[in-house]
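S.K.: no sequence for this one, just the structure:
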């Protein structure tokens, strides 16, 4: 039976109470699913958060080309039964707060880069002063967020230990370690192949018969991949050991 549940606290709590003993399957939707996940976690209801692309491919594999809320709900229910989905671990409060802070820092960083690009193009003195004051404000806000991020990690023994371990790698600084802790909680629990795939860095085969296609990376978590690329690029330019390794590859 199809039912529409409003995304309001009382309705989500009532739904979670009715769902006890079942596995609830829902799609990741850019953060809009967080209230549902929180309500289910508070009621000790197991749930599986699935990738929307995988859910759509499962729908096509079962012959469903239409996309409506009712169709999606049935597809997710069938997906949970057919694939024996592994429940998503409940969110750790420390990691959840860290992820929120990192997301906000990324937002402010994007605004800072946009303002710096505008400053390079501006010619009017008054406009340049106004942009300069905005840049100074954004830098102060980013600095405050970075201090709060460091405090969150320092106050959590597990996060602090993992951060120190990550920072023993060349090119991994405090912010990259914080990003990995917040956005790749599976790190340390899954093998290297699974982690590379989650990060969007695993080259996937494209072979058929005697044809051997070119391996390409795709999918994964875009924020993690972008952060790792930037860190790797900077390390390859400034870290002596990595510079030597880069020269060997060339």
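M.R.: Thanks, I have the structure now. Quantities reported herein were computed from a predicted structural model and do not represent experimental measurements.
S.K.: ranges for the helices of this structure?
M.R.: Along the chain, counting by DSSP state H, helices occupy 9-18, 34-42, 52-61, 69-83, 93-121, 125-155, 157-166, 174-183, 192-198, 222-238, 240-249.
S.K.: contacting residues around the most centrally placed residue in the chain?
M.R.: For the chain, the residue nearest the mean C-alpha position is residue 183 (4.5 Å; CA atoms, centre = their mean). Applying CB atoms under 8 Å, 6 or more residues apart in numbering to residue 183 gives the contacts 99, 102, 221, 223-224, 227. C-beta coordinates here come from the backbone N, C-alpha and C atoms, glycine included.
S.K.: Looking at the residues you listed, which one is closest to residue 68?
M.R.: residue 221 (27.8 Å; CB to CB).
S.K.: Any regions of the chain where pLDDT drops low?
M.R.: For the chain, applying pLDDT under 70 flags the ranges 238-250.
S.K.: re earlier: Serialize the helices of the chain to a markdown table and add fields for distance to residue 24.
M.R.: As requested, the helices of the chain are exported to a markdown table (distance: least, CB to CB, whole Å):
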| stretch | distance to residue 24 |
| --- | --- |
| helix 9-18 | 8 |
| helix 34-42 | 6 |
| helix 52-61 | 14 |
| helix 69-83 | 8 |
| helix 93-121 | 19 |
| helix 125-155 | 29 |
| helix 157-166 | 27 |
| helix 174-183 | 23 |
| helix 192-198 | 22 |
| helix 222-238 | 25 |
| helix 240-249 | 45 |
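S.K.: Return the most buried member of these.
M.R.: Per-stretch averages of neighbours, counted by mean count of other CB atoms under 10 Å, single out helix 174-183 among the helices of the chain, with a mean of 22.
S.K.: what's the angle from that helix to helix 222-238?
M.R.: 160 degrees (axes from the mean of the first three to the mean of the last three CA atoms, to 10 degrees).
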